[in-house]
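>>> sharing a model prediction with you, sequence too.
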Amino acid sequence: MIITCPSCATRYSVDGAKFPADGRTVRCAKCGHSWHQDGEAPEEDVPAAAPEATAPPEAEAAPAESSESAPQAAPDAAFAADTGAFSTRRYAPAAAVPEERRSLLPKLAVVAGWLGLIAVVVLIAVSAVRYRQDIAVIWPQSAGVYSSLGLPVKASGIDFRQVDYKRESEDGQVVLAVTGTIVNAGQRELPVPQTVRVTLSDASNHELYHWTFKPGATMLKPGQSVPFTTRLSSPPPDARHLEVRFVKDGS
């Protein structure tokens with residue numbers, strides 16, 4: 001005879017002869033639930049089934065699989081669990097990523113992408129400023145862009161440095177001496193323009209006078225420089241500003 005615990009669905013194989021027709025009270029050895037179990041009808045001829053678990057004598061306790069499933073004495077009988085039909089083995093659930101962490105992964109990916117893009121833009125900007133002179137030599141149109149940003153460059157790669165002037169007296173005349181350095185600010189050897197123009201202007205930036213001279217070099221290697229000095233006798237007394245730049249021959 002097979003009976004099933006209505007609480008935990010554990011099945012037991014018992015001797016039906018121990019149950020009267022009106023049944024008896026039994027208790028599950030696994031979960032401790034008690035219920036009234038009806039006996040077999042006399043006219044039913046139940047074929048003998050292969051025993052799934054041998055019921056212990058009423059005076060004996062069913063063997064326990066663990067401390068959790070230790071058998072308890074039932075009011076009328078105790079039954080062993082049918083381990084062949086139902087497994088009592090427990091499995092620990094597989095470790096899973098918390099829901100909060102899973103929701104953060106897409107956000108972290110977006111943030112990392114933006115940080116990478118910002119780093120690339122900053123690197124390009126720094127390189128454009130640091131190597132602006134070389135860029136202007138290769139791409140002369142960029143000189144106007146740099147000038148609008150307050151970063152003047154020379155498209156030729158040849159520039160003036162340390163330009164200065166002072167008034168001197170020679171033979172009773174005032175002489176304006178202009179000095180400075182012509183330097184190759186590029187990364188390759190470059191030709192030096194052969195006409196340098198010096199312009200004097202008044203306080204309102206109106207041109208008063210200009211003259212030209214030849215530099216002392218025709219080619220300069222990267223980082224190489226050459227000094228220059230030019231003089232003007234009897235400069236305009238109203239001159240307040242001075243400009244030195246390269247021009248084409250005849251300008």
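Looks like it arrived, so ask away.

>>> ok, and what's touching stretch 114-128?
By C-beta atoms under 8 Å, 6 or more residues apart in numbering, the list of residues contacting stretch 114-128 from outside reads residue 135. In short, each C-beta sits where N, CA and C put it, glycine included.

>>> can you give me the buried ones in it?
For stretch 114-128, burial by neighbour count (16 or more other C-beta atoms under 10 Å) applies to no residue.

>>> helices of the protein, start to end?
Along the chain, counting by DSSP state H, helices occupy 99-130, 132-138, 142-148.

>>> the strands in the stretch 151-251 of the chain, which residues?
158-170, 173-184, 190-191, 196-201, 207-213, 219-220, 225-233, 241-246 (DSSP state E, counting those that start in this stretch).

>>> mean neighbour count added to the ones you listed, as CSV?
As requested, the strands of the stretch 151-251 of the chain are exported to CSV (neighbours: other C-beta atoms under 10 Å):
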stretch, mean neighbour count
strand 158-170, 13
strand 173-184, 17
strand 190-191, 16
strand 196-201, 19
strand 207-213, 15
strand 219-220, 16
strand 225-233, 15
strand 241-246, 15
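
>>> remind me which residues of the stretch 101-250 of the chain are low pLDDT?
Within the stretch 101-250 of the chain, the stretches with pLDDT under 70 are 101-102, 133-134, 136-144, 147, 152-156, 250.

>>> in the sheet, who's paired with the nearest residue to residue 227 once chain neighbours are set aside?
Distances taken as C-beta to C-beta, 6 or more residues apart in numbering place residue 181 nearest to residue 227, at 5.3 Å, with adjacent residues excluded. On the basis of DSSP bridges, residue 181 is bridged to residue 161, residue 227.

>>> and what of residue 4?
For residue 4, the beta-bridge partners are residue 11 (DSSP bridges).

>>> is it true that it touches residue 14?
No. With contact defined as C-beta atoms under 8 Å, residue 4 does not count as touching residue 14 (11.1 Å).

>>> looking at the two, which one has more neighbours?
Comparing residue 4 with residue 14 by other C-beta atoms under 10 Å, the one with more neighbours is residue 14, at 19 against 16.

>>> so who does residue 177 touch?
By C-beta under 8 Å, 6+ apart, the contact set of residue 177 is 165, 166, 167, 168, 229, 230, 231.

>>> who does it form a beta bridge with?
residue 166, residue 231.

>>> my guess is residue 8 meets residue 32, correct?
No. In this structure, residue 8 is not within contact of residue 32 by C-beta under 8 Å, at 9.4 Å.

>>> want to throw the strands of the stretch 151-251 of the chain into JSON lines with distance to residue 116?
Below are the strands of the stretch 151-251 of the chain laid out as JSON lines (distance: least, C-beta to C-beta, whole Å):
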{"stretch": "strand 158-170", "distance to residue 116": "36"}
{"stretch": "strand 173-184", "distance to residue 116": "37"}
{"stretch": "strand 190-191", "distance to residue 116": "37"}
{"stretch": "strand 196-201", "distance to residue 116": "48"}
{"stretch": "strand 207-213", "distance to residue 116": "52"}
{"stretch": "strand 219-220", "distance to residue 116": "40"}
{"stretch": "strand 225-233", "distance to residue 116": "41"}
{"stretch": "strand 241-246", "distance to residue 116": "43"}
